[in-house]
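Asks: What follows is a protein structure lacking sequence information:
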Ligand code: PDD
């Protein structure tokens, strides 16, 4: 029953028709990947999600830098020259007429007979797709705020790499969805909230200091987080990279998630804990504006 509603909710998210797949622009339905692609067999790959706003890319340079860092950490060779990514990404925006939406870019170690150890000079695989988002999608979530559940952080020790190996995130997100929430905050063995399944987690303390988990191997350093921080510094808004626990959430004035898909979105509930008066607080629009001013369009 719930599953049905979920897909109904997804109906406006029409997948685009043209994908870039290993050098070719192909009809979405004809875009195929080899069954021995290591992305398929081992989740041996990395990805980026870019937001598209008014047909422009949000923080493209930062995303590309992180993509190359992820590939470097996993010793995956870039399938194309660094300066040609922008050409293909822009082509996907144009060919699919995306005004507001997302670009998904995935690189895997490529095709090889199944074997855990990998060939070193492997030609990697690349796929770029795009999808439209309804223009009011963010506004609605921003106005209403979102509910978050919590889940054990079952991930590996290199969450700083944006790998497609996302099974713990997938399971936690599904658990959140079943419980009527849109994100799950992940709690590690020490009881610290590291981040969300697909977003960074923030709380605003009663002393008006924003808190988010330090940027280290336990989280993905979000590009939205990076730009938001730039904006916070510009406006001298108090911010600390600090580990926080559920008891801190209980005492928080406001809470937020940040990601390329959600920008800065207020959180109104974490499990049974109501944040503030259960509605987005007065800092939500300030923080959103700070972020929107700080991001770079290309
Ligand atoms: N997820 N943490 C995790 C685990 C994420 O997957 C993401 C993004 C973020 C925020 O990163 P950014 O601000 O660069 O989007 C943090 C993307 C959107 C996804 O997997 O769909």
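Replies: Thanks, I have the structure now. The structure presented is a predicted model; accordingly, all values stated were derived computationally and were not measured.
Asks: Quick check: closest non-adjacent residue to the residue lying farthest from the centre of the chain.
Replies: What lies farthest from the middle of the chain is residue 113; by Cα atoms, centre = their mean that is 31.0 Å. Spatially, and ignoring its direct neighbours in sequence, residue 113 is nearest to residue 36 (6.4 Å; Cβ to Cβ, 6 or more residues apart in numbering). No exception for glycine: its C-beta is placed from N, CA and C like everyone else's.
Asks: Show me which residues of the stretch 51-200 of the chain sit near the ligand.
Replies: By the rule Cβ under 6 Å from any ligand atom, the part of the stretch 51-200 of the chain lying against the ligand is 169, 195, 198-200.
Asks: repeat that for 8 Å
Replies: For the stretch 51-200 of the chain, the contact set with the ligand under Cβ under 8 Å from any ligand atom comprises 51, 59, 62-63, 66, 102, 104, 159, 162, 166, 169, 195-200.
Asks: didn't the residue farthest from the centre of the chain look like it was pressed against residue 37?
Replies: No - counting by Cβ atoms under 8 Å, residue 113 stays clear of residue 37, with 11.6 Å between them.
Asks: ok, the nearest residue to residue 56 once chain neighbours are set aside - how many residues close by?
Replies: Counting by Cβ to Cβ, 6+ apart, residue 297 is the residue found nearest to residue 56 once chain neighbours are left out, at 4.1 Å. Using other Cβ atoms under 10 Å, residue 297 has 13 neighbouring residues.
Asks: Need the pLDDT of residue 297.
Replies: pLDDT, residue 297: 97.
Asks: need the contact list for it.
Replies: The neighbours of residue 297, taking Cβ atoms under 8 Å, 6 or more residues apart in numbering as the test, are 53-54, 56-58.
Asks: so can I have a markdown table of those showing secondary structure?
Replies: Listed next are the contacts of residue 297 as a markdown table, based on DSSP: H, G, I helix; E, B strand; the rest coil:
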| residue | secondary structure |
| --- | --- |
| 53 | strand |
| 54 | coil |
| 56 | strand |
| 57 | strand |
| 58 | strand |
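Asks: and the residue nearest to residue 113, how many neighbours does it have?
Replies: 12.
Asks: what's the answer for residue 35, then?
Replies: Quick note: residue 35 (other Cβ under 10 Å) scores 9 neighbours.
Asks: before we move on, what about residue 86?
Replies: Residue 86, neighbours per other Cβ under 10 Å, totals 14.
Asks: how close does it get to the ligand?
Replies: Look at residue 86 and the ligand: by Cβ to the nearest ligand atom, to the nearest Å, they are 17 Å apart.
Asks: Just say helix, strand or coil for that residue.
Replies: helix.
Asks: How about the one 3 residues further on?
Replies: Remark: residue 89 carries the secondary structure label helix [criterion: three-state DSSP].
Asks: Contact partners for it?
Replies: 50, 57, 60, 103, 105, 128.
Asks: so what's the nearest residue to the second one once chain neighbours are set aside up against?
Replies: Meaning residue 57. Using Cβ to Cβ, 6+ apart and skipping residues adjacent in sequence, the residue nearest residue 57 is residue 298, 4.8 Å away. Residue 298 makes contact with 56-57, 60-61, 86, according to Cβ under 8 Å, 6+ apart.
Asks: Which residue comes closest to the residue of the chain found nearest the ligand once chain neighbours are left out?
Replies: With Cβ to the nearest ligand atom, the shortest gap between the chain and the ligand falls at residue 222, namely 2.8 Å. Nearest non-adjacent residue to residue 222, counting by Cβ to Cβ, 6+ apart: residue 200, 4.4 Å away.
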